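Visitor: coordinates only, sequence not included:
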C-alpha cells in the first residue's frame, strides 16, 4: 500500500471502496475533514482526478480480490462499501451483477471477518418504493417504509442494486454490523465522469440540452451525502436503512433547469418531449447500439426511470443521523462552479 499524501490525524481507520467515484471521492474528503484515516481500494486504471487533494493510502485491488480486501481491511474500524457498476446500458450485464451483488457479499464478509465495528453499504433510492400520486395529481414523497419488491426494479442496474441490498440485509440479520444508506440524486463537486444527473447539468451549460421531460428527482448536495455516510457509521442503527436526500429537494426537471438558468443566465429549454416519443427514440438508440457496440445517447432504462418523479422523504436520516440539509440551489451552484473549473464546459478551462 502506498500513501499518496502524508499527514493523517487521529480518529477511525476507514476502508473505502469506490473511492475514485463521485460519492466515494467526496466521502474521502469528508473523512479527512473529520480526522479519520482512509485506506482506498483502487483498481490500477482508476481515474483519480476526483481525489485531487485528498489524503488516503491506496490499496490496489478490486471487489473480487479477497486477499486485497483482507489486507486493506486489517485493523480497520469502519468499512464503507460505495463501489458499484452504474451503467444504464451494457451489451452484457453479467459483470454488473458480479460487481454489485457478489462484490457486496465479498466486501461485507471480509469486513466482518476483519472485525470492523461498522459497515456502511451504499445502496440507492432506486431500491425504495416508488412515490404515489395523490388525488390532486401531486406526488407524495416516499420513505424507507414504502412497500417495494424485486418486481418493481425496472432495469438491470436497479435490479442488481436491489439484490445487493438484499444481501446486505441478510448478512446484517446474521450479525454483521451493517448500516444501509440510500442516496437520492447527488450533485456538486468532484463529478468527474460525470454521473447521469451531472451530465444533464453539463449539457445545459454547453447549451446541448434541447428539451426536457416530465420527470423529477430529489436533489441533494453530494457533500451532505458524504457526511451522511460518516454519520451512519457514527449513529446509524444496525440493519436499518436511511435515505440520504434533501427535504426541500423534490424538484421537477423543469424546476431544476429554471434554477440553473437563474444561476447562469443560460435560457432553459422550452420544449418537452412526450414520454412515448422518448421511449420510441430509446428503442431506436439501443437497436443501433447493438450494431455499433457504443452506448446509446438515451438508454431505455433511463427513459423508463424518467417516467416517475423520484421524490423522497429523508426525515429519518435528518432525525436519527443529523443529516445536513444544504439547499439544492447551493448544490447546483457548486456543481456549476466545479464543472466550469474542470474543463467540462466548452470554452472554460
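Guide: Right, received. Where do you want to start? Model, not experiment: these values are computed from the prediction. Numbers count the residues shown, from 1 in each chain.

Visitor: okay, CA-based contacts and neighbour counts for the rest of this
Guide: Will do.

Visitor: for the stretch 201-349 of the chain, which segments count as strands?
Guide: Counting by DSSP state E, counting those that start in this stretch, one finds strands in the stretch 201-349 of the chain at the ranges 211-212, 216-221, 241-244, 250-252, 271-272.

Visitor: tell me the most buried of the ones you listed?
Guide: strand 241-244 (a mean of 30; mean count of other CA atoms under 10 Å).

Visitor: partners of that one in the sheet?
Guide: Strand 241-244 pairs in its sheet with strand 178-183 (parallel), by DSSP bridges.

Visitor: what does stretch 27-46 contact?
Guide: Applying CA atoms under 8 Å, 6 or more residues apart in numbering, the contact partners of stretch 27-46 are 8-20, 51, 54-62, 69, 72, 223, 226-227, 229-230.

Visitor: one more: stretch 308-318?
Guide: Stretch 308-318 has contacts (CA under 8 Å, 6+ apart) with 130-131, 139-143, 184, 215-218, 228, 242-247, 250-252, 323-324.

Visitor: and that stretch, average pLDDT?
Guide: For stretch 308-318, mean pLDDT rounds to 95.

Visitor: closest to residue 156 out of the strands of the stretch 201-349 of the chain?
Guide: Closest approach to residue 156 among these (CA to CA): strand 216-221, 19.7 Å.

Visitor: so which elements touch the closest one?
Guide: strand 185-187, strand 250-252, helix 328-341 (3 or more CA pairs under 8 Å, 6 or more residues apart in numbering; DSSP states H and E).

Visitor: among these, which is the most enclosed?
Guide: Comparing the helices and strands packed on strand 216-221 by mean neighbour count (mean count of other CA under 10 Å), strand 185-187 ranks first with a mean of 27.

Visitor: ok, and what's touching that strand?
Guide: Strand 185-187 is contacted by residues 23, 197-198, 217-222, 225, 245, 331-332, 335 when judged by CA under 8 Å, 6+ apart.

Visitor: how about the helices and strands packed on strand 216-221 in JSON lines, adding distance to residue 120 and mean pLDDT?
Guide: Formatted as JSON lines, these follow (distance: least, CA to CA, whole Å; pLDDT from 0 to 100):
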{"stretch": "strand 185-187", "distance to residue 120": "18", "mean pLDDT": "98"}
{"stretch": "strand 250-252", "distance to residue 120": "25", "mean pLDDT": "97"}
{"stretch": "helix 328-341", "distance to residue 120": "24", "mean pLDDT": "98"}
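
Visitor: returning to what we had before: what's the closest of the contacts of strand 185-187 to residue 191?
Guide: Of all the contacts of strand 185-187, residue 198 has the smallest distance to residue 191: 6.9 Å, by CA to CA.

Visitor: shaky segments in the chain?
Guide: Judged against pLDDT under 70, the low-scoring parts of the chain cover residues 1-10, 88, 274-283, 285-286, 289, 296, 298-307, 348-349.

Visitor: can you map out the helices along it?
Guide: Secondary structure of the chain by DSSP state H: the helices cover 22-33, 66-73, 94-97, 103-113, 156-173, 196-205, 222-235, 253-264, 275-292, 300-306, 315-321, 328-341.

Visitor: can you redo those helices as JSON lines with distance to residue 123?
Guide: Listed next are the helices of the chain as JSON lines, based on distance: least, CA to CA, whole Å:
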{"stretch": "helix 22-33", "distance to residue 123": "12"}
{"stretch": "helix 66-73", "distance to residue 123": "20"}
{"stretch": "helix 94-97", "distance to residue 123": "14"}
{"stretch": "helix 103-113", "distance to residue 123": "10"}
{"stretch": "helix 156-173", "distance to residue 123": "6"}
{"stretch": "helix 196-205", "distance to residue 123": "17"}
{"stretch": "helix 222-235", "distance to residue 123": "11"}
{"stretch": "helix 253-264", "distance to residue 123": "23"}
{"stretch": "helix 275-292", "distance to residue 123": "26"}
{"stretch": "helix 300-306", "distance to residue 123": "17"}
{"stretch": "helix 315-321", "distance to residue 123": "14"}
{"stretch": "helix 328-341", "distance to residue 123": "21"}
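
Visitor: which one of these lies nearest to residue 179?
Guide: Closest approach to residue 179 among these (CA to CA): helix 222-235, 6.7 Å.

Visitor: just checking, what packs against the closest one?
Guide: helix 22-33, strand 118-122, strand 178-183, strand 185-187, strand 241-244, helix 315-321.

Visitor: and these: which comes nearest residue 102?
Guide: Closest approach to residue 102 among the helices and strands packed on helix 222-235 (CA to CA): strand 118-122, 13.4 Å.

Visitor: ok now the closest one, how far from the chain's centre?
Guide: On the basis of CA atoms, centre = their mean, to the nearest Å, strand 118-122 sits 14 Å off its chain's mean C-alpha point.

Visitor: do the same with stretch 197-207
Guide: How far stretch 197-207 lies from its chain's middle: 17 Å, per CA atoms, centre = their mean.

Visitor: just the buried residues from the contacts of stretch 27-46, in PyMOL please.
Guide: PyMOL command restricting the contacts of stretch 27-46 to the buried ones, with burial defined by 16 or more other CA atoms under 10 Å:
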select buried, resi 13+14+15+16+17+18+19+20+51+54+55+56+57+58+59+60+61+62+69+72+223+226+227+229+230
